[in-house]
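Student: Have a look at this prediction, sequence included:
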Amino acid sequence: MYENEEYDVIELREIFQILKKYIKLVIIVPIIFAVFGALISIYLIDPVYEASTTLIVRQNKDSNEEINITDVNLGKSLVYTYAEMAKSNTVLDNTKNALGLSEINGKAITVSPVKDTQILKVAVQDTNPQLAMNIANTLVEEFTVEIVRITKADNVAVVDYATLPARPIKPNKSMNTAIAAVLGEMIVLMIIFLKEYLDNTIKTEKDIEKHLGISVIGTIPNFNKGGKQTYGKIQSKRGSEVSHSGSLQENCN
């Protein structure tokens with residue numbers, strides 16, 4: 001079924017020849033994209049800071065009572081419940097009012113349990129590092145008050161308060177620069193290979209045999225160009241071209 005079908009196979013050597021032909025573009029374009037990526041990360045994207053604090057969910061027991069495994073497991077299960085409560089509208093509104101803010105972006109606040117512990121981590125992201133720290137600390141305070149109001153139990157305590165973040169977590173300038181460079185490389189390679197694929201002009205003996213069905217029995221060196229060979233044509237000093245592939249076939253016949 002597939003005996004008479006012909007396939008275009010690109011050899012590894014041909015790929016290297018194509019890349020060598022456009023080596024300047026392959027090098028320069030990714031560098032240009034990388035520079036643009038770095039400039040955008042530095043000047044156009046606002047830095048985002050993150051402040052975080054931690055809470056522990058414990059069991060209310062007298063000092064002389066022992067804590068068993070059941071109490072620990074209960075504390076772990078409460079962590080997930082409290083994580084949802086920490087982002088409730090009531091806690092967010094109380095935090096907003098306490099800080100005198102007009103609005104708090106709930107999507108910039110994450111409350112996540114630390115795996116296999118009774119600890120909750122509250123992280124707040126904002127372009128203002130001072131505001132991020134204030135929101136994180138105020139939110140945990142309002143949350144502990146709300147827990148006492150709802151559960152009538154004082155079983156949540158702050159482990160660490162948030163500190164002023166020194167460095168932004170976003171944007172990642174190095175990663176953005178690398179991504180821009182890779183994107184530029186992919187685009188230029190796609191354009192190069194697409195151009196070569198759509199180019200149906202005859203350049204080598206293989207092209208002559210493939211597209212014209214004529215066997216090449218010899219090549220004529222072009223002494224006017226430092227001994228470089230020209231396939232399928234003779235080039236005069238004036239640049240005029242005369243095809244000889246057909247005449248060679250007639251002489252052979």
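Tutor: On my side now, so go ahead.
Student: For residue 158, name its beta-bridge partners.
Tutor: Going by DSSP bridges, residue 158 is paired in beta bridges with residue 55.
Student: what's near enough to touch it?
Tutor: Residue 158 makes contacts with 53, 54, 55, 140, 141, 144, as judged by C-beta atoms under 8 Å, 6 or more residues apart in numbering. C-beta coordinates here come from the backbone N, C-alpha and C atoms, glycine included.
Student: List the buried residues of stretch 188-204.
Tutor: By neighbour count on 16 or more other C-beta atoms under 10 Å, the buried set for stretch 188-204 is 188, 189, 192, 202.
Student: picking up where we left off before, need the max-distance pair from the contacts of residue 158.
Tutor: In the contacts of residue 158, two members sit farther apart than any others by C-beta to C-beta. They are 54 and 141, at 13.5 Å.
Student: quick revisit: tell me the one among the contacts of residue 158 nearest to residue 15.
Tutor: Of all those, residue 54 has the smallest distance to residue 15: 53.9 Å, by C-beta to C-beta.
Student: and that closest one, how many residues sit next to it?
Tutor: Burial measure for residue 54: 18 neighbouring residues, criterion other C-beta atoms under 10 Å.
Student: And the residue nearest to it when sequence neighbours are not counted, how close does it get to residue 93?
Tutor: Closest residue to residue 54 apart from its sequence neighbours, by C-beta to C-beta, 6 or more residues apart in numbering: residue 159 at 4.3 Å. Separation of residue 159 from residue 93 (C-beta to C-beta, to the nearest Å) stands at 25 Å.
Student: Need the three-state assignment for residue 208.
Tutor: helix (DSSP: H, G, I helix; E, B strand; the rest coil).
Student: Need the per-residue pLDDT for it.
Tutor: On pLDDT, residue 208 comes in at 70.
Student: quick one: it and residue 202 touch, right?
Tutor: Yes - taking contacts as C-beta atoms under 8 Å, residue 208 lies within contact range of residue 202: 5.8 Å.
Student: who's residue 119 bridged to?
Tutor: residue 56.
Student: burial measure for it, as a count.
Tutor: As a burial measure, residue 119 scores 18 neighbours (other C-beta under 10 Å).
Student: contacting residues for it?
Tutor: With C-beta under 8 Å, 6+ apart, residue 119 has these contacts: 54, 55, 56, 57, 79, 113, 159.
Student: State the distance from the first one to residue 165.
Tutor: Note on residue 54: its distance to residue 165, by C-beta to C-beta, is 15 Å.
Student: do residue 191 as well
Tutor: Taking C-beta to C-beta, one finds residue 191 at 42 Å from residue 165.
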